[in-house]
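# Just need the structure, nothing else, for what follows:
(2 chains)
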Amino acid sequence: MLSDQIQTQINRELGKYPANQKQSAVMAALRFVQDEKGWISDDDMADIAVVLDMPQMSVYEVATFYHMYNLKPMGKHMLTVCTNISCMLCGSAETVAHLSKRLGIGLGEVTADGKYGLREGECMGACVDAPMFTINNKKLCGRLTNEKIDQILAELDKQ
Amino acid sequence: MNAPILLNTSHFEQPWTLGNYLKVGGYQALRRIIESKMSADEIIAEVKLSGLRGRGGAGFPTGLKWSFMPKNYEGDKYLVCNSDEGEPGTCKDRDILRFNPHSLIEGMAIAAYTMKVKVGYNYVHGEIYEAYERMEEACEEARKAGYLGNNILGSGFEFDLHNHLGYGAYVCGEETALLESLEGKKGQPRFKPPFPASFGLYGKPTTINNTETFASIPYIIREGGKKFADMGVPNSGGVKLFSVSGHVNNPGNFEVPLGTPFKKLLEMAGGVRNGNKLKAVIPGGSSMPVLPGEIMMDLNMDFDSIAKAGSYLGTGAVIVMDETTCMVKALERLSYFYFEESCGQCTPCREGTGWLYRIVHRIETGEGRPEDLDLLLSLCENIAGRTICALGDAAAWPVQGFLKHYRSEFEYHIEHKRCLVKA
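Next up is the predicted model:
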C-alpha cells in the first residue's frame, strides 16, 4: 500500500497534467516511493499502476529505463559519484577510491549496516563543480577533496 | 557588467527572487507585449532579427521554429522547455534555473503568448533536484504575482507552467524522447517527421526550446532584436553562457558575446591549471569532435568559426584538457557513456556503442590490435546518420575527432601496451 503521504504527493503532481494523462505522473510517483522507502519493489509498482490507471508493465518499463530509480535497497545514504569526462579530469577516480576506502565497499555495494550505498553516476550537469556526488539523488556536493568528503561523512554519520 | 542578460541578477545576495528580477527590468517585456497587444508576427519578427539560435546544441533559429506552430489550430497546444541538461561538460542551464528562474518563466510566457499556448512544461535534469525545487518555488511566486495563471496581469491571457523532474536518462535531452518521458513512458526518441510542431506532447502541436534560449527572450523583446544580434557576430547573434570545465584554475559559467576569442574565455576561467600546457579542447559538449589546443587558441567561440575548424559549438560546454591527459582514457570514458545511455531502440546505436566502447577499452588496457583503429572508424560510419535520433552521431563524432587528431597516441597504446602520457 502506498502511504497517505505518497498518495498526497501523487495527487499534487497529477494537478500538473491533463486529467486524461495520469501516466505523466509515473516518474514522480516512483520517486516519491523511493524517497520514502529507499527503493521500489514490484508491489510498489503494482500500487502505482492502480493509482495512475496504467498497466503495471508500463510502470516497470519506466522504473528500469531511468538510472536513478533503485530496484533494490541502496542504503540510508546513497552516494552517487559522477565519473564522466569533466569529473574524471578533475579526479573522480580519487573520489571513488577515497569513498571506497572510508566505507569499505565498492561501486554498486551497500555497507553491512545498511547505512551507506555507493554508486557510479553519469553526467549530473554540474561539471564546473567537479568532482562531485549526490546524496540520495537530492543534495549535490561538488568540488570534493578528501577532507571535504570526510566532513560530509562525519555529518551523515550523525544522522 | 559581466553578466548583462542571462545572469543579470547575479549581483544580488538572493539572485533568484521575483523582487530582484523586477529590479533589473524583469517582466517588463511581458507587460509591454500584453498592454500594447503586440501581434505574434511582430514578436516572431523581433526574435528572428535577434539572430537567436537554439542554445541546446543544434543551433536552430528560434524565430523560425516558433513560426512552425499552426496558427489557427483550435485544440490544445503545448510549450516545453528542455532543461534536461545532460551533455557532459554542460551546466549552464542549471545556473539559469538556480539563479534566474524568472527569466525562464518570462521567456516562456512571452513564447506562450506568441503561439497561443496555455500550458507549458519545464523538464529538469534529474540530478539537479535543488534547481527543480527552485523552479517550483519561482513558479509559485510568479502565479501569486499574476505572471502565470489564468489571468496574467489582468489581461485574460492564460498560461501556466509546470516543472517535471527527469530521473537519469541522457537520451531525454533529445526533444522527442523528452516528450515521451513527459507522457510517462521510457524516453525513446520518435521518428521525425512528424515534427513536434504538428505532433508533439500528447499528440498536440508543441514547441520545445532550451532553457537558455527562452531566458534570452525577455531581453530581446525589451531591448530589441537588433541590439541582441549586434552583441554577437554575423550568424551567431547575442550572448551565450559557456561552461568551462576540466583542467582550468577557475572552472565556471561565463556569459560572453558569441564570437569571443577562446583565448579570452580560457583566461576568464583562470587559464590551464598549474600553468600546464593546453593539450586539447572539446568546444561544445562531449559529443562534439575534440580539437587540439593550438587550433583552439586561434578560434572564436561562434557557430561558424568552430564549424570551420571541424567541430561544433553545440551547447557551449568547453572541456579543457592539459598535457597530462591520456586521450585513449578520455575517449574510453566517453564511449562508455554513450554505450550506457543508448536507449536500445536502433540496432546501429545499441550494438555499435557497445562495440566502440569494448574496442577503446581494450586499447586502453593494452590489448588493442593494429586493425582496431580502422575498425573504429568503419563502425562510426555505420552508426552516424543511421539512427532515429542524434545519439548515434553523438557516439561516433568523439571517436572520429579523437582519431583524427590523436591517432598516434592510440597507435602507441596498441604497440607499447601502455600510455604515451605520464599522468
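# what residues are up against the residue nearest to the spatial centre of chain A?
Compute the mean C-alpha point of chain A, and by CA atoms, centre = their mean the closest residue is residue A:137, 4.0 Å away. Residues near residue A:137 by CB atoms under 8 Å, 6 or more residues apart in numbering or on different chains: A:31, A:34, A:68, A:78, A:80, B:126-127, B:129, B:167. The way it works is simple: take the backbone N, C-alpha and C, and place the C-beta from them, glycine included.
# With respect to residue B:365, which of those is nearest?
Distance ranking of the contacts of residue A:137 against residue B:365, using CB to CB, places residue A:80 first at 25.3 Å.
# hmm, back to that, is it possible to export the contacts of residue A:137 to TSV including pLDDT?
Conversion of the contacts of residue A:137 to TSV gives the following (pLDDT from 0 to 100):
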residue	pLDDT
A:31	98
A:34	98
A:68	98
A:78	98
A:80	98
B:126	98
B:127	97
B:129	98
B:167	98
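# Return the subset of those residues lying in strands.
Among these, DSSP state E puts A:78, A:80 in strands.
# Looking at the contacts of residue A:137, which one is closest to residue B:13?
Taking CB to CB as the measure, residue B:129 is the one of the contacts of residue A:137 closest to residue B:13, at 22.6 Å.
# The residue lying closest to residue A:48 once chain neighbours are set aside: what's it in contact with?
The shortest distance from residue A:48 to any residue other than its chain neighbours is 4.8 Å, reached at residue A:29 (CB to CB, 6 or more residues apart in numbering or on different chains). Under the criterion of CB under 8 Å, 6+ apart, the contact partners of residue A:29 comprise A:6, A:10, A:13, A:48, A:51-52.
# What does the pLDDT read for residue A:29?
Listed pLDDT for residue A:29 reads 98.
# element containing it?
Under the assignment given by DSSP states H and E, the secondary-structure element containing residue A:29 is helix A:26-37.
# Can you name the element that comes right after that helix?
Moving toward the C-terminus from helix A:26-37, the next element (DSSP H and E) is helix A:42-52.
# Now that next one: average pLDDT?
With pLDDT averaged residue by residue, helix A:42-52 scores 98.
# will you turn the contacts of residue A:137 into JSON lines that also has distance to residue B:147 and neighbour count?
Output for the contacts of residue A:137, formatted as JSON lines (distance: CB to CB, whole Å; neighbours: other CB atoms under 10 Å in any protein chain shown):
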{"residue": "A:31", "distance to residue B:147": "28", "neighbour count": "22"}
{"residue": "A:34", "distance to residue B:147": "33", "neighbour count": "22"}
{"residue": "A:68", "distance to residue B:147": "32", "neighbour count": "23"}
{"residue": "A:78", "distance to residue B:147": "37", "neighbour count": "23"}
{"residue": "A:80", "distance to residue B:147": "35", "neighbour count": "24"}
{"residue": "B:126", "distance to residue B:147": "27", "neighbour count": "26"}
{"residue": "B:127", "distance to residue B:147": "28", "neighbour count": "30"}
{"residue": "B:129", "distance to residue B:147": "24", "neighbour count": "19"}
{"residue": "B:167", "distance to residue B:147": "29", "neighbour count": "23"}
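# which among the contacts of residue A:137 gets closest to residue B:85?
Nearest to residue B:85, judged by CB to CB, of the contacts of residue A:137 is residue B:127 at 9.3 Å.
# Quick check: chain neighbours aside, which residue is closest to the closest one?
If you skip the residues right next to it in sequence, residue B:127 has residue A:124 as its closest partner in space, 3.8 Å away by CB to CB, 6+ apart.
# contacting residues for that neighbour?
With contacts taken as CB under 8 Å, 6+ apart, residue A:124 has the following neighbours: A:82, A:132, A:134, A:140, B:125, B:127-128.
# what pLDDT does it get?
With respect to pLDDT, residue A:124 has a value of 97.
# quick one: contacts for the residue in the stretch 1-150 of chain B that chain A sits nearest to?
Distance from chain A to each residue of the stretch 1-150 of chain B (CB to the nearest CB) is smallest for residue B:127, at 3.8 Å. Residues near residue B:127 by CB under 8 Å, 6+ apart: A:68, A:121, A:123-126, A:134, A:137, A:140, B:86, B:168.
# Could you single out the nearest of the contacts of residue A:137 to residue B:299?
Within the contacts of residue A:137, the smallest distance to residue B:299 is 30.7 Å, found for residue B:127 (CB to CB).
# next one: the helix holding residue A:29 to chain centre, how far?
The chain centroid and the centroid of helix A:26-37 are separated by 10 Å, computed with CA atoms, centre = their mean, to the nearest Å.
# Around residue 112, count how many other residues there are.
In the absence of a named chain, this looks at chain A. 8 (other CB atoms under 10 Å in any protein chain shown).
# Please refer instead to chain B.
Residues near residue B:112, counting by other CB under 10 Å, number 25.
# unless I'm mixing things up, it is touching residue B:105, no?
No - the pair residue B:112 and residue B:105 fails to qualify as a contact (CB atoms under 8 Å) at a distance of 10.3 Å.
# Setting aside sequence-adjacent positions, which residue approaches residue 138 most closely?
This is for chain A. What sits nearest to residue A:138 in space, not counting adjacent residues and going by CB to CB, 6+ apart, is residue B:129, at 4.9 Å.
# oops, I was thinking of chain B
Closest residue in space to residue B:138, ignoring its immediate chain neighbours: residue B:101 at 3.6 Å, by CB to CB, 6+ apart.
# where do the strands sit along chain B?
Defined through DSSP E, the strands belonging to chain B, from first to last, are B:78-83, B:119-124, B:149-152, B:157-165, B:206-210, B:239-246, B:252-257, B:260-261, B:278-282, B:291-292, B:300-301, B:317-322.
# Dump those strands to TSV, plus mean pLDDT and mean neighbour count.
What follows is the strands of chain B, written out as TSV (pLDDT from 0 to 100; neighbours: other CB atoms under 10 Å in any protein chain shown):
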stretch	mean pLDDT	mean neighbour count
strand B:78-83	98	28
strand B:119-124	98	25
strand B:149-152	96	15
strand B:157-165	98	21
strand B:206-210	98	26
strand B:239-246	98	27
strand B:252-257	96	21
strand B:260-261	98	18
strand B:278-282	98	25
strand B:291-292	98	18
strand B:300-301	97	23
strand B:317-322	98	27
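# how far away is the spatially most central residue of chain B from residue B:36?
By CA atoms, centre = their mean, chain B has its centre lying nearest to residue B:56, at 2.8 Å. Between residue B:56 and residue B:36 the computed distance is 30 Å (CB to CB, to the nearest Å).
# what's the answer for residue B:217, then?
Taking CB to CB as the criterion, residue B:217 is separated from residue B:36 by 16 Å.
# burial of residue A:91, as a residue count?
The criterion is other CB under 10 Å. On that basis, residue A:91 has 16 neighbouring residues.
# returning to that earlier point: quick one: which of the strands of chain B is nearest residue A:25?
Ranking the strands of chain B by their distance to residue A:25 (criterion: CB to CB) puts strand B:157-165 first, at 9.3 Å.
# what pairs with that closest one, and is each one parallel or antiparallel?
Under the criterion DSSP bridges, strand B:157-165 sits next to strand B:119-124 (parallel), strand B:149-152 (antiparallel) in its sheet.
# Need the residues that contact it.
Against strand B:157-165 from outside (CB under 8 Å, 6+ apart): A:16-17, A:24, A:27-28, A:31, B:34, B:79, B:105, B:108-109, B:112-113, B:117-124, B:126, B:129, B:132, B:135-136, B:139, B:142-143, B:148-152, B:182.
# hey, what's the closest residue to residue B:136 other than its chain neighbours bridged with?
If the residues on either side of it in the chain are set aside, residue B:136 comes closest to residue B:163, at 5.5 Å by CB to CB, 6+ apart. Residue B:163 forms beta bridges with residue B:122, as assigned by DSSP bridges.
# what pLDDT does residue B:2 get?
Confidence for residue B:2, expressed as pLDDT, is 47.
# I'm done for today, thanks for sticking with me.
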